[in-house]
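Colleague: I'd like to go over a predicted model; first the sequence, then the structure.
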Amino acid sequence: MAQPVLGILTLYLNNDGALEERSIYQRMTVAGRKLGIDVFVFTPEDVNYKSNRIHAMVYDSLNKKWSRRWTSFPNLIFDRCRIQRSHRFEELRRFRAKYGHLTFLNRPLRNKMTVHRTLSRDTRFTPHLPSSRMYESMADLTAMLRKYPLIYLKPINGTGGRGILRIERTGDDRLLLQGRDQQRRIVPPQRITTAELAGRLSSWNLKGGRYLVQQGIALKLPNGRVHDYRMLVQKDREGKWRLTGCAGRIGAPRSVTSNLHGGGQAATMNQLLKVWIKNEAKIEKVKQDAERFGVQVAEYLEQSYGRLCELALDLAIDKEGRVWLLEVNPKPAREVFNQAGDKETYQRAIIRPLEYALYLHDQKRKKKPSREPDASSGASPGTGSGIASIASTGDGSGIGLGAVNGGGSGSSPGTGSGTGAAASGTGAAARAGSGVGARAAASSGSLPRSSDNKDASLEMSAADMRWAEHLIN
């Protein structure tokens, strides 16, 4: 039987064909070959919509070179496309609309404010959500400043710390304004009066539903630099959500954000918490609370928006040990773990999407649909993806529009979440066990498992670590 094929869907960064995560794709290709899954990379611009063929990028691990070849559509698609304001993102919308019936590991998430509102509907999450509202006029800003001593203005679709402003009340009708512009350049601290605020913000194009105002959490370390935590939760080889790892990020001097692209530094979670909280018992409780929270958020968002594979949660932890969710990133980078010196988590973060892809493929095979969906098909009978198409929204993201209760294009009876969003395909099938271990054993020897499944998401056994190094290297 032919190996399953995973296509990694991404976008070029420019017209010269630059790719942001080429080294990650190389590692995934090498690991996939050892796990028993072929991997190639493509963009919507590489698709021939008439013949339903892809001019794919393929990595040769022996010669350490990339090449091109025409190929048919893969069995599964891993969507790594991030928002761009370019014609390339318009092409992505077209691709999602035409091929939304195929099996994706993950579906588009909504913008920051919509995700915030979704999570606000569940009382488990409300204590962890900073107060947030859309910016419609200066009245929204002044109302938040009256209520909170510190607020942030941030784009609802922004990434990498671009276009973020921090506004702090300093007393006597004075404000401290600082941030980063759309090119990530630091906006130096400025002390202004409340009356001057509107004039200073006039060039930021805040209107039009593009910005939100968020309650600020005090995050400055003793050295004056801000910090937060990047938590990565992913599906595992059994289709279950697990904590992969959590690392600390320390912002550059004078920066209001901690992003690594903006000059931030990475540290392990333990290192940073020992400086911030210091109490060992409280630190352990914080870590447990954060892990439980992260997995619950992932499960809930998948029920709300359709199948997901991984999510990064940007967390703040205050001095009392309370966990706050700053935002959710559906297309997370992994480099924070590498830079923090946590090689085990970095390797696990690369492997888990491949293991989940194999799990998903095995679940499809067990269902044995009468006809395997292909790129030219408008329906996806029995695949469990539960998504018939992707509708473009005004913010450049998409939502699933498939049937969820059986019948109809793209539905899988008995696996829908029933929330009105796309079916996630992670119900009973996800709990029935995984065929990934058997496939990996057949192709590369037996796959060691942690003896204590409860702790498998927190640490790797020595055997698992050797296996991960073997896959990637």
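Modeller: Good, I have the coordinates.

Colleague: Shouldn't Val41 be within a strand?
Modeller: Yes. Looking at Val41 with DSSP: H, G, I helix; E, B strand; the rest coil, it is inside a strand.

Colleague: so what's Arg249 up against?
Modeller: Arg249 makes contact with His227, Asp228, Tyr229, Arg230, Ser258, Asn259, Leu260, Gly264, Gln265, Ala266, Ala267, Val336, according to CB atoms under 8 Å, 6 or more residues apart in numbering. (C-beta placed from N, C-alpha, C; glycine too.)

Colleague: The third one touches Trp324, doesn't it?
Modeller: Read it as Tyr229. No. Tyr229 lies out of contact with Trp324 (CB atoms under 8 Å); the separation is 10.0 Å.

Colleague: Spell out which residues are contacts of both of those two.
Modeller: Taking CB under 8 Å, 6+ apart as the contact rule, Tyr229 and Trp324 both touch Leu315, Ala316, Ile317.

Colleague: and the end-to-end length of stretch 125-142?
Modeller: End-to-end span of stretch 125-142 (CA to CA, to the nearest Å): 26 Å.

Colleague: what's the distance between Leu119 and Glu238?
Modeller: 25 Å (CB to CB, to the nearest Å).

Colleague: sorry, back to before: in terms of model confidence, name the weakest of the contacts of Arg249.
Modeller: On pLDDT alone, Asn259 ranks lowest of those, at 85.

Colleague: can you give me the helices for the stretch 151-300 of the chain?
Modeller: In the stretch 151-300 of the chain, the helices defined using DSSP state H, counting those that start in this stretch lie at 197-201, 269-276, 280-305.

Colleague: More neighbours: which of Tyr229 and Trp324?
Modeller: Tyr229 (24 against 18; other CB atoms under 10 Å).

Colleague: For the residue nearest to that one when sequence neighbours are not counted, which residues are in contact?
Modeller: Closest residue to Tyr229 apart from its sequence neighbours, by CB to CB, 6 or more residues apart in numbering: Leu315 at 4.4 Å. Leu315 makes contact with Asp228, Tyr229, Arg230, Met231, Cys246, Ala290, Gly294, Val323, Trp324, Leu325, Leu326 under the criterion CB under 8 Å, 6+ apart.

Colleague: ok, now Gln84?
Modeller: Remark: with contacts taken as CB under 8 Å, 6+ apart, Gln84 is in contact with Leu11.

Colleague: just to revisit the earlier point, of the helices of the stretch 151-300 of the chain, which approaches His128 most closely?
Modeller: helix 280-305 (6.2 Å; CB to CB).

Colleague: And the next helix or strand after that closest one, how far out from the chain middle?
Modeller: Using DSSP states H and E, the helix or strand that follows helix 280-305 in sequence is strand 310-317. With CA atoms, centre = their mean, to the nearest Å as the basis, strand 310-317 stands 9 Å off its chain's centre.

Colleague: quick one, the helix or strand following strand 310-317 and strand 310-317 angle?
Modeller: For strand 310-317, the following helix or strand on the C-terminal side (DSSP H and E) is strand 323-329. Angle, strand 323-329 to strand 310-317, by axes from the mean of the first three to the mean of the last three CA atoms, to 10 degrees: 150 degrees.

Colleague: same for strand 323-329, what does it pack against?
Modeller: helix 112-120, helix 280-305, strand 310-317 (3 or more CB pairs under 8 Å, 6 or more residues apart in numbering; DSSP states H and E).

Colleague: for those, which one ends up most surrounded?
Modeller: strand 310-317 (a mean of 23; mean count of other CB atoms under 10 Å).
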